[in-house]
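Asker: need the 3D shape of this:
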Amino acid sequence: MIEQDRMTAFINSLDPGNEEYLDALEKEAKAADVPIIRKDTQALLKFLMASSKPKNILEVGCAIGFSALLMAQYSGDDTKITTIEKYEKRIPVAKDNFIKYDKNNKITLLEGDATDILRTLAPGYDFIFMDAAKGQYINFLPECIRLLNKGGLLVSDNVLQDGDIIESRFAVTRRDRTIHARMREYLYELKHNDALNTVILTVGDGMTLSVKL
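Answerer: Down below sits the predicted model:
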């Protein structure tokens, strides 16, 4: 694990950084202990924006809006992003950040539980970024598959749970066992669902890329 950490640190040291406002927002989030996507996750998202050129993005889990703003910054001028957040304390912060930094009005914030909101959305997304409550990924998956275009990409973050995913459920603290079991179920479903072709990457805290067939 130490070697892996050193390798990640080396790779991240090569990163040229983001636009100034994103780097500042990242520092603010870290100072306030708000979880945001890691440096190597940011790099992968930027790469995917450039390579897949999505026009219609759905984000499940907005927090303070950092990843939505990152995708907005590094995607095409005609890209639209819909992001969902239910945590009431973070919604005003996200709204304020969008007002300040989303100059092209790419981002639409939907407030409420993704379980309910996803059912109301119409299909047509070519990129979905899953970064919400980890124990709910498996519950969100059927709606995400429904909403995703054929050939579209579902990207899921934090799937390896800081390495706990490979441990026996009895080696995981009791309070984390439900999430542990659900994430294992989610990964199995991604790899065995006939509608998807999935690769699991050790980027950040683990990411999956799933193409809808």
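Asker: test my guess that residue 67 contacts residue 37.
Answerer: Yes. Look at residue 67 against residue 37 with Cβ atoms under 8 Å: they come within range, at 5.1 Å. (C-beta placed from N, C-alpha, C; glycine too.)
Asker: what is in contact with those two at once?
Answerer: Overlap of the contact sets of residue 67 and residue 37 (by Cβ atoms under 8 Å, 6 or more residues apart in numbering) consists of 45, 131.
Asker: where does residue 49 fall, secondary structure wise?
Answerer: helix 39-52 (DSSP states H and E).
Asker: elements contacting the helix or strand where residue 28 lies?
Answerer: Assigning secondary structure by DSSP H and E places residue 28 in helix 20-31. When contacts are defined as 3 or more Cβ pairs under 8 Å, 6 or more residues apart in numbering; DSSP states H and E, helix 20-31 packs onto helix 66-73, helix 91-101.
Asker: save those helices as TSV, and put in distance to residue 112, mean pLDDT and mean neighbour count too.
Answerer: Formatted as TSV, the helices and strands packed on helix 20-31 follow (distance: least, Cβ to Cβ, whole Å; pLDDT from 0 to 100; neighbours: other Cβ atoms under 10 Å):
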stretch	distance to residue 112	mean pLDDT	mean neighbour count
helix 66-73	16	98	23
helix 91-101	10	97	17
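Asker: residue closest to the middle of the chain?
Answerer: Nearest to the mean C-alpha position of the chain, by Cα atoms, centre = their mean, lies residue 131 at 3.6 Å.
Asker: how near is that residue to residue 47?
Answerer: 17 Å (Cβ to Cβ, to the nearest Å).
Asker: try residue 181
Answerer: Counting by Cβ to Cβ, the gap from residue 181 to residue 47 is 32 Å.
Asker: do me a favour and average the pLDDT over the top strand by length along the chain.
Answerer: The longest strand of the chain (DSSP state E) is strand 148-157. Per-residue pLDDT over strand 148-157 has a mean of 98.
Asker: who does the following helix or strand past it touch, helix- and strand-wise?
Answerer: Later in the chain than strand 148-157, the nearest helix or strand by DSSP H and E is helix 177-192. Judged by 3+ Cβ pairs under 8 Å, 6+ apart, the packing partners of helix 177-192 are helix 137-147, strand 196-201, strand 207-212.
Asker: ranking those by burial, who's on top?
Answerer: strand 207-212 (a mean of 22; mean count of other Cβ atoms under 10 Å).
Asker: contacting residues around that one?
Answerer: Applying Cβ under 8 Å, 6+ apart, the set of residues contacting strand 207-212 from outside is 41, 44, 48, 145, 148-159, 187, 190, 195-201.
Asker: run the last query once more with 6 Å
Answerer: With contacts defined as Cβ atoms under 6 Å, 6 or more residues apart in numbering, strand 207-212 is touched by 148, 150, 152-157, 159, 190, 196-201.
Asker: what do you get for stretch 95-103?
Answerer: Contacts of stretch 95-103 (Cβ under 6 Å, 6+ apart): 21, 65, 69, 72, 107.
Asker: and residue 78, backbone torsions?
Answerer: Backbone geometry at residue 78, expressed as degrees, to the nearest 10, gives phi -100, psi 10.
Asker: okay, now it: neighbour count?
Answerer: 10 (other Cβ atoms under 10 Å).
Asker: pLDDT at it, what is it?
Answerer: 96.
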